[in-house]
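> A predicted structure for the sequence below; I have some questions about it.
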Amino acid sequence: MRIKIDNKEKGKRVDTFLSEILKDKGISRSILQKDIQNGCIVNDKPCKKGYRLKEGDVVEINEEYWEEHKRHLDLSEEIIPQKGKLDVRYEDENSLVLYKPKGLVMHPGVGNKRGTLANYVRYYLENKGEYDSLVDRAGIVHRLDKGVSGLVVVGKNKEAQEFLRREFKNRRVIKIYHAVLEEYTNVEQEFDLKEYVEKMNIKMKPWNEWEKVEGYIGRSKTDRYKMEFKGYEFPGSKYALSYILFGGNEAIIKIETGRMHQIRATLNYLGYHIKGDSLYGRGSGDNIMLEAVLLSFVGMDGKRLVFTC
């Protein structure tokens, strides 16, 4: 990601600026200060944490480096086991499928060490005598935003967690979301979309008949907290692909790539906004009407599992 510093950002310490940009990834200023020279350059040169930005500076941020750096730090940062309500939909010796409610954070972050899904998962597995201390983030391999509800999968041991990570990376995990929109589309709703997902035969790949939306997603130049979708590649952007079926003021979305805010940014590009979305729409709080309603992955035994809600 490359960002040119404007008049609003000049004078800020570079570590403060980076912590604002990477806030959504749970990367704190203290993490950035430890290794800033390897994950950020200013005007094509390594920078020091105390450097104050000047108007016209070009800051290049290696997002993948910081994500991996934080993941390794998470390995050594103890997740505190905490008793909490878990909605378990499936469990075997390697995986755990849960339903995450709105408002629940996935894993601990800055100033938020308790009350997350990871805390509850660790307590649950420890209580059963099945917690593997070698996993990171209590075995969680993907995430849903705080305001989003739906299905998530957890690897119960290190081997399972790494296996599931590879499945996500290689796009073999099927994820379908249901969204209620602020606007009505020009497509008449002929059937219940959530019921349609529940009865879906994924072997037939019905999404191939939906609207295919592909392009690139990158950080918005006008709002650092938002992502922007465009039909062409631009500096700092990554390829994004989704399939969408509209009906009335609803949509079901299959994401092929797991980019930050992919669904919200893609719908915004198409002129739609999810109800309750305070960042991209006109909502307030964390009550976004977006739900992960289908999750399918191949288990370590080679059998494909399908879950709906």
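That came through fine.
> What are the buried residues along stretch 264-272?
Buried residues in stretch 264-272, counted by 16 or more other C-beta atoms under 10 Å: 264, 265, 266, 267, 268, 269, 270, 272. (C-beta placed from N, C-alpha, C; glycine too.)
> Among these, which ones are in helices?
Among the buried residues of stretch 264-272, the ones falling in helices (DSSP state H) are 264, 265, 266, 267, 268, 269.
> hmm, back to that, would you reformat the buried residues of stretch 264-272 as CSV and include pLDDT?
Shown next, in CSV, are the buried residues of stretch 264-272 (pLDDT from 0 to 100):
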residue, pLDDT
264, 96
265, 97
266, 98
267, 97
268, 96
269, 97
270, 97
272, 96
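> Export those residues to JSON lines and append columns for distance to residue 4.
Shown next, in JSON lines, are those (distance: C-beta to C-beta, whole Å):
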{"residue": "264", "distance to residue 4": "25"}
{"residue": "265", "distance to residue 4": "21"}
{"residue": "266", "distance to residue 4": "25"}
{"residue": "267", "distance to residue 4": "28"}
{"residue": "268", "distance to residue 4": "23"}
{"residue": "269", "distance to residue 4": "23"}
{"residue": "270", "distance to residue 4": "28"}
{"residue": "272", "distance to residue 4": "30"}
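> Out of these, which is nearest to residue 47?
residue 265 (28.8 Å; C-beta to C-beta).
> hang on, isn't the closest one packed against residue 228?
Yes. Assessed by C-beta atoms under 8 Å, residue 265 is found in contact with residue 228 at 6.2 Å.
> Give me the next element, helix or strand, following the lowest-mean-pLDDT helix or strand in the chain.
Using mean pLDDT, DSSP states H and E, helix 63-76 stands out as the lowest-scoring helix or strand of the chain, at a mean of 63. Next helix or strand after helix 63-76 toward the C-terminus (DSSP states H and E): strand 87-91.
> And the nearest residue to residue 214 once chain neighbours are set aside, how far from residue 104?
Nearest non-adjacent residue to residue 214, counting by C-beta to C-beta, 6 or more residues apart in numbering: residue 241, 4.5 Å away. Using C-beta to C-beta, to the nearest Å, residue 241 is found at 28 Å from residue 104.
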